[in-house]
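In: when you get a sec, could you give me coordinates for this:
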Amino acid sequence: MDFISCVTSRKSIRAYKEEKVAKDKILQIIETAGHAPSWANAQPWEFNVVAGATLEKIKELMEEKILNREKPNPDIPFPTFPEEHQQRINEFGKSLFTHLGLDKEGKEKRVQFTIEMHKFFNAPAVIFVTMNKELSLWSLFDLGLVVQNIALMATHENLGTCIQASTVSYPDVLRETLNIPENKNIVCGISIGYPDEKSINNFISNRVTAASLVNFFGF
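Out: The predicted structure is shown next:
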């Protein structure tokens, strides 16, 4: 797949086949993604790749948290947005729920979707991205670059991904299961696997046009 196709066809995948992703393939994706630029080549990213029984254990613990209505306590606080950006988020949420038929369903269906989200949409593997807590906000920018590369490389390999903050809502679960030390911030999870053909994967979020965002000078 050519580069432009990788960029324009990449989307969040929320349903996966049971087929496993080979360890070597995931390692190669991360190896290639590591060519992302970073501040003075600091390469602040670290990865914990989870599958099999360990992932199933995390799913169980995540579901318990949701059903017990425990308040999320992510290492990186969830953001608040100015009105313009919050409006885009609201429109996205409404469009997704409409696509899934959840706008007409009761609370129980929405809770089930939240559980599925925290259980990685049943992906066969998840990449948890971490960084040292002593690093600055600039390193979060660097992590964004390498995460985007992972998503694009996965697309190139006919794999799907979903970059999720929800999966790190309860970092104590991940620290307990994966022995992640307290001096590491757990930044996000990347669900990865072969896309299922379910209708949820037909959903594509809108994009603002470049013309509405770009200012040119001297042209």
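
In: distance between the ends of stretch 10-21?
Out: When the termini of stretch 10-21 are compared using C-alpha to C-alpha, to the nearest Å, they are 18 Å apart.

In: could you do stretch 192-199 as well?
Out: Stretch 192-199 stretches 18 Å from its first residue to its last (C-alpha to C-alpha).

In: identify all contacting residues around it.
Out: By C-beta atoms under 8 Å, 6 or more residues apart in numbering, the surrounding residues in contact with stretch 192-199 are 13, 15-17, 19, 21, 26, 99, 123-127, 150, 154, 158-161, 201. All C-beta spots, glycine's among them, are computed from the backbone N, C-alpha and C.

In: filter the residues you listed down to the buried ones, ChimeraX style.
Out: Listed next is the ChimeraX selection for buried residues among the contacts of stretch 192-199, using 16 or more other C-beta atoms under 10 Å:
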select :13,15,16,21,26,123,124,125,126,127,150,154,159,160,161,201
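
In: among the contacts of stretch 192-199, which are located in strands?
Out: 125-127, 160-161 (DSSP state E).

In: for those residues, give me CSV that also has pLDDT and distance to residue 39.
Out: Putting the ones in strands among the contacts of stretch 192-199 into CSV (pLDDT from 0 to 100; distance: C-beta to C-beta, whole Å) gives the following:
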residue, pLDDT, distance to residue 39
125, 98, 29
126, 98, 27
127, 98, 22
160, 97, 30
161, 98, 25
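
In: got the buried residues for the lowest-mean-pLDDT helix or strand in the chain?
Out: Lowest on mean pLDDT, DSSP states H and E among the helices and strands of the chain sits helix 107-118, with a mean of 85. Buried residues in helix 107-118, defined by neighbour count with 16+ other C-beta under 10 Å: 113, 116-118.

In: ok, stretch 132-148 next?
Out: Of all the residues in stretch 132-148, those buried under the rule 16+ other C-beta under 10 Å are 135, 139, 142-144, 146-147.
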